[in-house]
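Novice: I would like to see how this sequence folds:
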Amino acid sequence: MLSLLTCGVDEAGRGPWAGPVTAAAVILDPGRPIAGLTDSKKLSEAARDRLAPEIRARALAWAVAEASPEEIDRFNIREATFLAMTRAIAALARAPGAVLIDGNALPKNLPAPARAIVKGDLTEPAISAASILAKTHRDAQMKAFCTEHPGYGFSQHKGYGTAAHAEALTRLGPCAIHRMTFAPVRRALA
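Specialist: You can find the predicted model right below:
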């Protein structure tokens with residue numbers, strides 16, 4: 001009997017004031033387990049950077065997708081997160097038979113039966129793997145944005161609302177990757 005391929009999905013970057021929201025979808029190979037998978041927030045940057053290439057090498061399929069700051073502003077962060085998730089699932093090289101999503105809600109029109117799992121990134125290895133790929137992809141992108149938009153410190157805070165980011169927003173105003181509908185950015189525009 002053919003077993004269903006289960007896809008784990010998670011996001012990174014819902015809370016930041018800048019940058020995209022990123023989602024990853026991962027179908028793990030049951031015959032090639034990966035030690036150390038857990039919620040990306042529980043891992044050091046070095047551990048995430050060590051695990052990400054292993055996940056990409058050992059998974060049956062994986063994909064990373066995002067929704068832009070403009071899409072976040074147009075739709076809201078929840079809907080933009082769902083958009084990034086559906087894009088990641090659609091980009092998989094293999095179609096999943098089931099989808100497990102970290103959180104308490106599901107995007108609409110998924111290609112397979114799906115279940116939302118609160119703290120799924122701690123309990124489901126495929127969601128943990130997706131959490132790590134989404135986080136490492138987004139962090140690398142924010143480091144690149146630091147070069148394109150100097151002075152904001154994106155490589156340090158990754159767009160999150162730190163005191164240094166607030167100071168840079170006050171000093172420089174928002175840049176092209178800021179989420180204009182987020183209150184601290186809106187205030188800096190005023």
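Novice: All the helices of this protein, in order from the start?
Specialist: Here the chain has its helices, by DSSP state H, at 45-58, 69-75, 77-90, 120-123, 125-148, 154-157, 163-172, 183-189.
Novice: For residue 113, find the nearest of those helices.
Specialist: Among the helices of the chain, the nearest to residue 113 by C-beta to C-beta is helix 77-90 (12.5 Å). Just so you know, the C-beta spots here come from the backbone N, C-alpha and C atoms, and that holds for glycine as well.
Novice: re the thing from before, and of the helices of the chain, who's closest to residue 14?
Specialist: helix 77-90 (5.6 Å).
Novice: relative to helix 125-148, how tilted is that closest one?
Specialist: Using axes from the mean of the first three to the mean of the last three C-alpha atoms, to 10 degrees, the inter-axis angle of helix 77-90 relative to helix 125-148 is 110 degrees.
Novice: Residue 164 and residue 157 touch, don't they?
Specialist: Yes: the pair residue 164 / residue 157 is scored as a contact, 6.2 Å apart, by C-beta atoms under 8 Å.
Novice: more neighbours, the two?
Specialist: Ranked by neighbour count (other C-beta atoms under 10 Å), residue 164 and residue 157 place residue 157 first, with 20 against 12.
Novice: What distance do you get for the more buried one to residue 15?
Specialist: Residue 157 is 11 Å from residue 15, where distance means C-beta to C-beta, to the nearest Å.
Novice: and if you look at residue 56?
Specialist: Residue 56 is 25 Å from residue 15, where distance means C-beta to C-beta.
Novice: Then residue 122?
Specialist: According to C-beta to C-beta, residue 122 and residue 15 sit 18 Å apart.
Novice: okay, the two: which has more neighbours?
Specialist: A direct count of neighbours by other C-beta under 10 Å for residue 122 and residue 15 places residue 122 higher, at 16 against 11.
Novice: For the residue nearest to residue 11 when sequence neighbours are not counted, report the pLDDT, please.
Specialist: Once flanking residues are discounted, residue 11 sits nearest to residue 23: 4.5 Å by C-beta to C-beta, 6 or more residues apart in numbering. Looking at residue 23, its pLDDT reads 98.
Novice: For residue 23, name its beta-bridge partners.
Specialist: Counting by DSSP bridges, residue 23 forms beta bridges with residue 11, residue 65.
Novice: Give the burial count for it, as a bare number.
Specialist: By other C-beta under 10 Å, the residues close to residue 23 number 35.
Novice: what residues does stretch 117-135 touch?
Specialist: Applying C-beta atoms under 8 Å, 6 or more residues apart in numbering, the external contacts of stretch 117-135 come out as 6-13, 22-28, 33-34, 37-43, 48, 51-52, 55-56, 59, 62, 64, 88, 100-104.
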